[in-house]
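S.K.: Let me see the structure of the following:
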Amino acid sequence: MSSADAILVDHTHWFVCDTHFGHTGILDMAMRPYADIGAHDRDLVTKWNTFVQPTDTVWHLGDFAGEDVPFGDAAAIFKRLKGIKRLIRGNHDGDDICTNLGWASVDDMRTVVAKGGPKIVLCHYPLREWNGLHSGDVHFHGHTHDRLPSSRRSWDCGVDHQSFQPMTFDGIKTRMERLPELNFAGVEVGEGETS
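M.R.: Numbering: from 1, shown residues only. Reported below is the predicted structural model:
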């Protein structure tokens, strides 16, 4: 990644994933605490718009809506959400979602740079290793719905892991610093052991 291609992430950048707007099956699959998908969608939109300002950037790390959700319904929710929205494509993000909603960018994977911090490798799927892992860079992902532990180096940006709201890098970093370092098998690294 050249410095000309780098996007600098600061307090106006937010990270979120796995919103699954309109996807009724997500309520049971991820055990989300909502009576119905309407209540789910309203709460996620309210929380998003409470934190995000119109000129902020939101990195959505995939699975914006359910695959069977009518495009018009997904588009109506998209229009209600504040911010400049960038998508890292997830497995539920079909062509209409990726090309016709109005994302500022759509990527399968992207690396950004935290202001005064490390590079952040963004991908919908959790990676065991990424470029820069051994030099202090971190990885943000989704897909696992809080079933894979986050660590000091890898973070699940899914709403199931983030109290159903987007978070800034600084907010995530503060939480990551309290977590153990994990090896490739998801086991805490002991003394003298390397990841």
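
S.K.: Please identify the helix or strand for residue 76.
M.R.: helix 71-80 (DSSP states H and E).

S.K.: Report all helices and strands that that helix contacts.
M.R.: Identification of packing neighbours for helix 71-80 by 3 or more CB pairs under 8 Å, 6 or more residues apart in numbering; DSSP states H and E yields helix 37-51, helix 95-100. No exception for glycine: its C-beta is placed from N, CA and C like everyone else's.

S.K.: Quick one: list the elements packing against the shortest one.
M.R.: Contact analysis of helix 95-100 by 3+ CB pairs under 8 Å, 6+ apart lists helix 71-80 as its packing neighbours.

S.K.: what's the helix it packs on in contact with?
M.R.: Outside helix 71-80, the residues within contact range by CB atoms under 8 Å, 6 or more residues apart in numbering are 21-22, 41, 45, 49, 64-65, 85, 96-97, 100-102.

S.K.: Which of those sits closest to residue 13?
M.R.: The shortest approach to residue 13 among these belongs to residue 85, at 11.5 Å (CB to CB).

S.K.: Quick check, pLDDT for the residue lying closest to the closest one once chain neighbours are set aside.
M.R.: Once flanking residues are discounted, residue 85 sits nearest to residue 58: 5.1 Å by CB to CB, 6 or more residues apart in numbering. Listed pLDDT for residue 58 reads 98.

S.K.: picking up where we left off before, just say which of the helices and strands packed on helix 71-80 is most tucked in.
M.R.: By mean neighbour count, with neighbours taken as mean count of other CB atoms under 10 Å, helix 37-51 ranks first of the helices and strands packed on helix 71-80 at a mean of 17.

S.K.: Check which helices and strands whichever helix or strand comes after that one sits against.
M.R.: Beyond helix 37-51 in the direction of the C-terminus, DSSP H and E gives the next helix or strand as strand 57-60. Contacts defined by 3+ CB pairs under 8 Å, 6+ apart place strand 57-60 against strand 13-16, strand 84-88.

S.K.: 10 Å instead, please
M.R.: Secondary-structure packing of strand 57-60 (3 or more CB pairs under 10 Å, 6 or more residues apart in numbering; DSSP states H and E): strand 13-16, helix 37-51, strand 84-88, strand 105-107, strand 109-114, strand 119-123.
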